[in-house]
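Asker: what follows is a predicted protein model with its sequence.
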Amino acid sequence: MKRRGRGIACMWYPIGFTASANPSAAVVKVNEDGTATLLTGTVETGQGSLTVLAQIAAQALGIATDDVHVVSADTDTTPMDTGAIASRTTYVTGNAVMLAAENAKKILFEVAAPLLGVEPAHLEAKDHKIQVKGFPQRNMHIGDVAEHARGVKGTPPIGSATFNPAVLKLDPETGQGKPFATYVYATQIAEVDVDDETGEVEVLRIVASHDCGAPINPMLVEGQVEGGISMGVGFALQEEMLFDSSGRLINPNLTNYIMPTSLDMPSVEVDIVDSYDETGPFGAKGVGEPTCVSTAAAILNAIHNAVGVRVTSLPATAEKVFAAIQAKRAQEAKLVTAG
Amino acid sequence: MRAFDVVTAKDSRHAVALLAEHAPTAKVIAGGTDLLADLKFSSHGPAMVVDISRVEDLKAITITDEGLSIGALVTHTAIMRSPIINDMFPALVHAAHTIGAVQTRNLGTLGGNLVTGVPSMDSGPTLMALEAIIVILSPAGRRQVPMAEFFLGPRKTVLKPDELLAEILIPKQNLGKPTHFLKFGLRKGQALALVSAAASVWVDVDTQICSAPRISLGAVAPTVIRAPKAEAHLDGRPLTADAMAEAGRIAASEAKPISDFRASAGYRRELVAVLTKRALEGAYELAKTKRRGA
């Protein structure tokens, strides 16, 4: 018989470690046709980070994301990056990109200010233009400003910047301090069916509510959460490296290292919490690893809610869940006999 | 991987002639979903591969005087799309659906699934529960082998090197027999069976009395097997919930599962009991549905 259960798990996760140097750098060059070129050392691994970095540069320069040409992960041409690790790219590399774009923009403002008859502080970059705040009809196309900067003023609009989260040493006696730049939070709720005759767990639905700061690209946030949940489902129920007595891996292939297929995925509902982090690029923090932190705990809590057993070693395979159900029944039978 | 030659057979007669010419070092390839994986990792592969994938006379699904004939080259996808099989044996459609991924099902053939002789084959239990007959061609002519006698051991069948599995025949008396198949794997998609079970049974829906119950199990013995004691327990008796549960327990005692890294023998035995019971329940439900539809 199938028994339905629900489980909740919450988590917090650190973004931007400060225990050691953690820099990212970026170069932003504004071109004479109004596009920009961004150099970054970070590696796109399918998570969409280059899209997010292009969006950050575009937002800072008032141009379209499509107009930002990203050159990445090439140590011949791009600054070295600490890595596409630790859920740090949007926050750390994103801050470097934003600052580099701001530096390029500062040159554009200094060039445009006398031409528009105002102070640089009165300018804004918007809709592919450098324009006077409050008087958008007084403007120059960003490409024309870039051309004037290079060809007339001799100050090509190139900005570079480094971002390294502020280092705050931990107190050696108390262990207290601030080891990370910022933190993200999430709650996930899992709904499962447990077959009490076989121990098979079917994850029906996961609702995931994530604070990632301001979501630069909400669709990519959803994609990250769905991907993290698929890892969490595998972690909870299937994935395990098995070794024989001599230490040799028994299941070094995807036939026997069991990962979820699309048929094993629950329906996923993603809720992005409204939030803004003052220290992040345009309020963003990050969302990578945090997505799979609470999934397994929520599923295991749901199993407990469904059939009343705690499985304390992962993965909670059908065989383990079934053994726990049998042990519980034996225990209850003993109590009845004793009573 | 060892180098080999390939010849393409034009029809089944040509295929048999090529096999006779090149046996015993020849292997037959159809969809290749199992053979190619074997060839890749094998250091002593065949010298000749006889490609029968273009043999059109082995691709038909037809009702004949003998029963339902399924050509050896019928793919799993073709089974899933066949109106005749969907109507008569939804269990065969379900079994085909559990095989590999879409690509595997598009290429892999029913005959190919059987000749591998692995105990976890997904097509095996349903066909065995329907008392299928394997039709074999060779230079000596045509012979028929009951499914229950076709497998000799893991990856071993009665097929001789110069013989070709041509057709799978579900005998006339079993056409439309209510049948149900269940597979339990470590995940839902692209899974190997830890245990699979099929049951076929005629039921008088008014009296619940059943006849000719046939139970077959996969992945819990050196070959796909029948569970004759469980069948005998049900034959001629009402198909009650208790009777089906007891048949499941008896089937579990008839299985000979092994322990490996995927599951323990004890757990596999528990699954045999549950899956057998549920396969019987599924066949019974189908019997009731068919009667309502009639």
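Answerer: Yep, it's here. Computed from a prediction, not measured in an experiment: that's the story for all the values here.

Asker: go through stretch A:271-283 and flag the buried ones.
Answerer: A:Ile272, A:Ser275, A:Asp277, A:Thr279, A:Gly280, A:Pro281, A:Phe282 (16 or more other CB atoms under 10 Å in any protein chain shown). In short, each C-beta sits where N, CA and C put it, glycine included.

Asker: so for stretch A:64-81, what gets flagged as buried?
Answerer: For stretch A:64-81, the neighbour count (16+ other CB under 10 Å) marks A:Thr65, A:Asp67, A:Val68, A:Val70, A:Ser72, A:Ala73, A:Thr78, A:Pro79, A:Asp81 as buried.

Asker: closest one to chain B out of these, please.
Answerer: Nearest to chain B among the buried residues of stretch A:64-81, counting by CB to the nearest CB, is A:Ala73 at 32.2 Å.

Asker: and for the nearest residue to the closest one once chain neighbours are set aside, the neighbour number?
Answerer: Spatial nearest neighbour of A:Ala73, chain neighbours left out: A:Val43 (4.4 Å); criterion: CB to CB, 6 or more residues apart in numbering or on different chains. Residues lying near A:Val43 (other CB atoms under 10 Å in any protein chain shown) number 15.

Asker: list the contacts of whichever residue of the stretch 201-339 of chain A sits closest to chain B.
Answerer: Per CB to the nearest CB, A:Thr261 is where the stretch 201-339 of chain A lies closest to chain B, at 3.2 Å. Going by CB atoms under 8 Å, 6 or more residues apart in numbering or on different chains, A:Thr261 touches B:Arg187, B:Lys188, B:Gly189, B:Gln190.

Asker: one more: A:Glu32?
Answerer: Counted by CB under 8 Å, 6+ apart, A:Glu32 has contacts A:Gly143, A:Ala146, A:Glu147, A:Arg150.

Asker: the third one: how many residues sit nearby?
Answerer: Just to be clear, that refers to A:Glu147. Neighbour tally, A:Glu147, other CB under 10 Å: 20.

Asker: report the residue spans of the chain with pLDDT below the cut-off.
Answerer: Since no chain was named, I'll use chain A. In the predicted model of chain A, residues A:339 satisfy pLDDT under 70.

Asker: try chain B instead
Answerer: Applying pLDDT under 70 to chain B picks out residues B:292-294.

Asker: in the longest helix along it, what's buried?
Answerer: If you go by DSSP state H, chain B has its longest helix at helix B:265-293. For helix B:265-293, the buried set under the neighbour-count rule, 16+ other CB under 10 Å, comprises B:267-284, B:286-287.

Asker: hmm, it touching chain A?
Answerer: Yes. Helix B:265-293 is in contact with chain A by CB under 8 Å from any CB of the partner chain, via B:Tyr267, B:Glu270, B:Leu271, B:Val274.

Asker: how close does the closest residue in space to the last one that isn't next to it in sequence get to B:Ser264?
Answerer: Taking CB to CB, 6+ apart as the measure, B:Val274 lies nearest to A:Glu197, with 4.6 Å between them; neighbours along the chain are not counted. Distance, A:Glu197 to B:Ser264, by CB to CB, to the nearest Å: 16 Å.

Asker: between those two, which one's more packed in?
Answerer: A:Glu197 (18 against 15).

Asker: just to check, the more buried one is in contact with B:Thr276?
Answerer: No. Contact criterion CB atoms under 8 Å: A:Glu197 and B:Thr276 do not qualify, at 11.7 Å.

Asker: quick check, the residue nearest to B:Val274 in a strand?
Answerer: No. Looking at A:Glu197 with DSSP: H, G, I helix; E, B strand; the rest coil, it is coil, so not inside a strand.

Asker: who's B:Ile29 bridged to?
Answerer: The partner list for B:Ile29 in beta bridges (DSSP bridges) reads B:Asp51.

Asker: and it, what does it touch?
Answerer: Taking CB under 8 Å, 6+ apart as the test, what B:Ile29 contacts is B:Val6, B:Leu35, B:Leu36, B:Val49, B:Val50, B:Asp51, B:Ile52, B:Ser53.

Asker: can we see that at 7 Å?
Answerer: B:Leu35, B:Val49, B:Val50, B:Asp51, B:Ser53 (CB atoms under 7 Å, 6 or more residues apart in numbering or on different chains).

Asker: for A:Thr182, list each beta-bridge partner.
Answerer: Applying DSSP bridges to A:Thr182 gives these bridge partners: A:Ile15.

Asker: that one - how many residues pack around it?
Answerer: By other CB under 10 Å, 18 other residues sit near A:Thr182.

Asker: now for it: which residues touch it?
Answerer: By CB under 7 Å, 6+ apart, the residues touching A:Thr182 are A:Ile15, A:Gly16, A:Tyr91, A:Asp277, A:Thr279, A:Gly280, A:Lys285.

Asker: swap in A:Glu222?
Answerer: Shown in contact with A:Glu222 (CB under 7 Å, 6+ apart): A:Val270.

Asker: distance between the helix or strand hosting it and the chain's centre?
Answerer: Mapping A:Glu222 onto the secondary structure by DSSP states H and E places it in helix A:218-237. Computed by CA atoms, centre = their mean, to the nearest Å, the chain-centroid distance of helix A:218-237 equals 11 Å.
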